[in-house]
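*Asks:* okay, here's the prediction I keep looking at, along with the sequence it came from:
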Amino acid sequence: MPGYIEDRWTKTGPVDPETKKTTRVQTELYGKCKRYRVCGIPGVRKRSFDRKADAEAWKTKVQSDLMRGEFVDHRDGNVTLAEYVATDYWPTKTGDPLTLQTVETRINRRILPYLGTQRMNAIKVPQLRKYLADLDERYGPTTIIESWGTLSSILQAAVDDERIPRNPCLAKTVKPPSRPERKARAWSRDRVVAVRNALDDRFRVMVDLGVGAGLRQGEVLGLSLDDVGDGVLYVRRQVRVVRNRLVFSLPKGGKTRTVPLPKYLSERIAEHAERFPPVAVTLPWTDPAPPENAKQAAERAPQTHRLLIVGERQQGALRRSVFNEGPWKRALVEAGVIPPPEPRVPQPRRADGSRVRPNTKHAAAPDDGFHALRHTFASVQLDARESVVSVSKWLGHSDPSITLKIYAHMMPEADGRGRAAMDAWFAGDS
């Protein structure tokens, strides 16, 4: 393998007439730099050392790594994490706009403030332990796990870009916390009815669609009267927020699907459409950003659909945040699911004499959001012994194993049959 070690302090001098041996003379660099430099390895930059033994060891390692195709020059990682993200990692990221927005926020708020000034080649296990400890003081396990996954993706990209030799997030001695187990909880029929009755009339069909068809909230908000067929509901789009603007996009996972349409649900949709005629709403498709080329212009071309659910003023699609913090929370309070908010406390006037509007903040309800209706749909279907494959298809899961993982505890006699079987087995001994 090519490669040699150069002595930068001395060079070959004249032959000594007495010993007949070549002498060494000092160069202009004598005492001004590291003495020994590894040179002559194709594709590898020269590197200097103070001790010859260190130069020999590095040369041997580089030659060995090159033979295995694993050589990474340590100096290529001599940029900060923030610089690498800005110049190499983020400009090449593509994908779903909302996912990219989520990842960008995660990087800017929960990664770069802690590790952004660190050199890539200096991020090791000790730095990662401190990073996890810092996050643990501020965030819950789920947020930490998501941040850790994004950081690992960045460092793995740096490995692939040959900036660093290995991804320290894969070390066995440093791990994020375990994800807390949260079982999906279905609502009772009484609770569903109570919350539905507490909603404004124009929003009650949303509960019907969540419980009766298992639709996600964004899919309910994107449902058109044209998606209602004879005995079937076509789930073709959702409404979501990207960069604070509403857009249409495919349902989660990028897949459309059909769901059986019970007679009662068909009748309630028809009643709703008669009382609150569908409104034609035009929104960009997937990404609200101005297109930069013809391909993007075609992909993001606005679409118009006659939506069943619109805002209270019927001016366009309904934002889920507006619904969740307004009509939905008020209905939960009226139904007794969550406590009423604290009374408004008058605020002092501003310096200019204007009044400060007091805020009404409802209690958090992480287990009683709109998604609880989807859990209820799944529980009713599984309790009726509908096949997991069918329920998975109706819910829009990519694989039935996902449905089992989320809803296995809802299946009828999930542990009762097992106990009965063991009782029968032991009874055979008597």
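*Replies:* Perfect, thanks for sending it.

*Asks:* so, low pLDDT: which residues of the stretch 251-400 of the chain?
*Replies:* Scanning the stretch 251-400 of the chain for pLDDT under 70 picks out the ranges 314, 344-350, 353-360.

*Asks:* rerun at 80
*Replies:* Counting by pLDDT under 80, the ranges of the stretch 251-400 of the chain that qualify are 312-315, 342-361.

*Asks:* what about the strands in this protein?
*Replies:* Under the criterion DSSP state E, the chain carries strands at the ranges 4-7, 10-15, 22-26, 36-39, 47-49, 232-235, 238-242, 245-249, 257-260, 279-283, 303-307.

*Asks:* quick one: buried residues of stretch 275-295?
*Replies:* Of all the residues in stretch 275-295, those buried under the rule 16 or more other Cβ atoms under 10 Å are 276, 278-279, 281, 283-288. Just so you know, the C-beta spots here come from the backbone N, C-alpha and C atoms, and that holds for glycine as well.

*Asks:* export the residues you listed to TSV and append columns for distance to Pro180.
*Replies:* Formatted as TSV, these follow (distance: Cβ to Cβ, whole Å):
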residue	distance to Pro180
Phe276	40
Pro278	41
Val279	41
Val281	38
Leu283	36
Pro284	37
Trp285	36
Thr286	32
Asp287	33
Pro288	34
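
*Asks:* OK, contacts around the closest residue to Leu98 other than its chain neighbours?
*Replies:* What sits nearest to Leu98 in space, not counting adjacent residues and going by Cβ to Cβ, 6 or more residues apart in numbering, is Val242, at 4.9 Å. Residues in contact with Val242 (Cβ atoms under 8 Å, 6 or more residues apart in numbering) are 97-98, 101, 286-288.

*Asks:* narrow the residues you listed to those in helices?
*Replies:* 97-98, 101 (DSSP state H).

*Asks:* report the buried members of the residues you listed.
*Replies:* Buried members of the ones in helices among the contacts of Val242, scored by 16+ other Cβ under 10 Å, are 97-98.

*Asks:* my guess is Val205 contacts Val310, does it?
*Replies:* No. Using Cβ atoms under 8 Å, Val205 is not in contact with Val310, being 11.9 Å away.

*Asks:* returning to that earlier point: widest-spaced pair of the buried residues of stretch 275-295?
*Replies:* By the measure Cβ to Cβ, Phe276 and Asp287 form the most distant pair in the buried residues of stretch 275-295, at 29.6 Å.

*Asks:* ok, Arg106 touching Thr150?
*Replies:* Yes. Contact criterion Cβ under 8 Å: Arg106 and Thr150 qualify, at 5.2 Å.

*Asks:* re the thing from before, tell me the one among the ones in helices among the contacts of Val242 nearest to Gly369.
*Replies:* Ranked by distance to Gly369 (Cβ to Cβ), the ones in helices among the contacts of Val242 are led by Leu98 at 18.2 Å.

*Asks:* distance of that closest one relative to Arg240?
*Replies:* For Leu98, the distance to Arg240 equals 6 Å [Cβ to Cβ, to the nearest Å].

*Asks:* what sits in contact with each of those two?
*Replies:* The contact lists of Leu98 and Arg240 share Ser249, where a contact means Cβ under 8 Å, 6+ apart.

*Asks:* surely Val337 meets Arg191?
*Replies:* Yes. In this structure, Val337 is within contact of Arg191 by Cβ under 8 Å, at 6.8 Å.

*Asks:* mind listing what the closest residue to Gly336 other than its chain neighbours touches?
*Replies:* Ranked by Cβ to Cβ, 6+ apart and with sequence neighbours excluded, the top spatial neighbour of Gly336 is Ala194, at 7.3 Å. If you count contacts by Cβ under 8 Å, 6+ apart, Ala194 has them with 334-337.

*Asks:* any idea how far Ala194 is from Pro288?
*Replies:* Distance, Ala194 to Pro288, by Cβ to Cβ: 37 Å.

*Asks:* compare Val205 and Val310 (neighbour count), which wins?
*Replies:* The neighbour comparison of Val205 against Val310 (other Cβ atoms under 10 Å) goes to Val205, with 25 against 20.

*Asks:* OK, contacts around the more buried one?
*Replies:* Contacts of Val205 (Cβ under 8 Å, 6+ apart): 268-269, 272, 308-309.

*Asks:* now these in a markdown table, with neighbour count and distance to Lys34?
*Replies:* Below are those laid out as a markdown table (neighbours: other Cβ atoms under 10 Å; distance: Cβ to Cβ, whole Å):
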| residue | neighbour count | distance to Lys34 |
| --- | --- | --- |
| Arg268 | 17 | 80 |
| Ile269 | 22 | 78 |
| His272 | 22 | 79 |
| Leu308 | 24 | 74 |
| Ile309 | 23 | 71 |
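
*Asks:* show me those residues that map onto helices.
*Replies:* 268-269, 272.

*Asks:* between those, which sits nearest Ala55?
*Replies:* Of all the ones in helices among the contacts of Val205, Ile269 has the smallest distance to Ala55: 78.1 Å, by Cβ to Cβ.
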